[in-house]
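**Student:** what's the 3D shape of this:
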Amino acid sequence: MIGVSSSKSPEPGDFDNLYSIDYVKKQILNTMLTSKRAQFTISPQVTYLNCAYMAPLLKVVEKEGVKGVRRKRNPAKISPQDFFTDTGLLRQEFAKLINAKDPTRIVTIPSVSYGLATVAKNLGIKKDQHIIVASEQFPSNYYPWQALCEETGASVKVISPPEDFINRGNRWNEKILEAINATTRAVAIGHVHWADGTRFDLEAIRKRTKDVGALLIIDGTQSVGAMSFDAEKIKPDALVCGGYKWLLGPYSIGLAYYGEYFDNGRPVEENWMNRLKSEDFSALVNYHTNYQPGSLRYEVGEHSNFILVPMMIRALQELNKWGVARIQEYCKSISAESILRLKEKGFIIEDEAWRGAHLFGVRLPQQVDLNKVKASLLKHRIYVSVRGSAIRVAPHVYNTEKDLHKLTKILFKIR
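**Tutor:** Numbers count the residues shown, from 1 in each chain. You can find the predicted model right below:
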């Protein structure tokens, strides 16, 4: 089952067959998402399995963008209060998505690199300490730590996966946990690896970082919105997400959550809106020492963006309506048969327990030419990405089982 109960209870006569296969199937169908392709503008000739690259816009999100552009025609209709209202709603929707109790811990950012620059500025690392990252991590979650360590004399410790693929995800997680010690200042990692979807056990890593007094910095760009994340359970020191992938938003907007460690830190920029009482435009000449509550000191300048913010709000509303757990289950349901067939043919895919259902890497058997595969997929208008040694497959609710079958058919043909 997928953790969402049906609103319809069984009839009295059904109890004898409560756990029959047909009944269980019926309950699953009652709670499972169906394809949402009609809510996107995707050509029927295109098989788009590449949400990890960039999500297509929902039609309702696109409409919000058009409304935002038209709104700028007449700025007389934009009141001082409007600078704050939508961003407040945006925080609430994202708080709901990640189960964060305090929306003021959530800020609008233009990119992951901006959100991580805030972390780097306030990390307080010493030269005898290190930051742990996963091998071949996304560059935006590596370069800030590299630069910081060069400045401070600290070091970046890169944890590589096992060379073979036997129980690879589990063993990789064990290596990360073993590397965390008293000289670890922070672990900076994703929930899943961006290249092949390997899942990292954030609860176990959080427990270990707490034991040694280290911070946990999470890049949620490739997971939040498609894989359940519980801020109250994991309690990250920072969670940073780009908005244009699994959050289904536009480009150049994202969201970040900062925990208590950052409550008294210094922001990347001194934005006027982030100071106390900035809502009173007539009194802006009266400068204030104090910042807005929570983490709002870290919001990017001009974060009231009247085009991108409404688009991002609408996307989050749809995700919250569908339910992230149901999105993950939907991706699992449409890809399960194809993954099984690929593994039977010698393709290497991480074990289900150690990868995302929404993002997984397919590594080719030795006799299969990767360049031929890429050319054939492009010819047949099947869109995936190649990251490292893996073909990265990233389905969403606009895909169906048929899309995955098209992919496997092409892969089986090339030998």
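**Student:** Now do the helices in the stretch 301-415 of the chain.
**Tutor:** Remark: helices assigned in the stretch 301-415 of the chain by DSSP state H, counting those that start in this stretch are 308-322, 324-344, 370-379, 401-413.
**Student:** between those helices, which gets nearest to residue 184?
**Tutor:** Nearest of the helices of the stretch 301-415 of the chain to residue 184, taken as C-beta to C-beta: helix 324-344 at 29.8 Å. C-betas here are computed from N, CA, C, even on glycine.
**Student:** circling back: quick one: the helices of the stretch 301-415 of the chain as TSV, columns for mean neighbour count too.
**Tutor:** Shown next, in TSV, are those (neighbours: other C-beta atoms under 10 Å):
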stretch	mean neighbour count
helix 308-322	21
helix 324-344	18
helix 370-379	14
helix 401-413	17
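**Student:** Quick one: closest of those helices to residue 175.
**Tutor:** helix 324-344 (23.9 Å).
**Student:** What is that closest one packed up against?
**Tutor:** strand 360-362, helix 401-413 (3 or more C-beta pairs under 8 Å, 6 or more residues apart in numbering; DSSP states H and E).
**Student:** Relative to residue 293, which of the ones you listed is closest?
**Tutor:** Using C-beta to C-beta, the helices and strands packed on helix 324-344 put strand 360-362 closest to residue 293, at 40.4 Å.
**Student:** Give me the buried positions along that closest one.
**Tutor:** 360, 361, 362 (16 or more other C-beta atoms under 10 Å).
**Student:** for stretch 33-53, same thing?
**Tutor:** In stretch 33-53, counting by 16+ other C-beta under 10 Å, buried: 33, 35, 36, 37, 40, 47, 48, 49, 50, 51, 52.
**Student:** from memory the fourth one sits against residue 396, does it?
**Tutor:** Spelled out, that is residue 37. No: between residue 37 and residue 396 no contact is recorded; they are 9.6 Å apart, counting by C-beta atoms under 8 Å.
**Student:** Reformat the buried residues of strand 360-362 as JSON lines; add distance to residue 246 and pLDDT.
**Tutor:** Output for these, formatted as JSON lines (distance: C-beta to C-beta, whole Å; pLDDT from 0 to 100):
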{"residue": "360", "distance to residue 246": "14", "pLDDT": "98"}
{"residue": "361", "distance to residue 246": "16", "pLDDT": "97"}
{"residue": "362", "distance to residue 246": "19", "pLDDT": "96"}
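**Student:** Just put those residues in a markdown table and tack on distance to residue 110.
**Tutor:** Formatted as a markdown table, the buried residues of strand 360-362 follow (distance: C-beta to C-beta, whole Å):
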| residue | distance to residue 110 |
| --- | --- |
| 360 | 29 |
| 361 | 29 |
| 362 | 33 |
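**Student:** now, which of those sits nearest residue 371?
**Tutor:** The closest of those, once distances to residue 371 are taken by C-beta to C-beta, is residue 362, at 15.3 Å.
**Student:** quick one: the spatially closest residue to the closest one that is not a sequence neighbour and residue 385, what's the gap?
**Tutor:** Among residues not flanking residue 362 along the chain, residue 391 sits closest, at 4.4 Å (C-beta to C-beta, 6 or more residues apart in numbering). Taking C-beta to C-beta, to the nearest Å as the measure, residue 391 falls 8 Å from residue 385.
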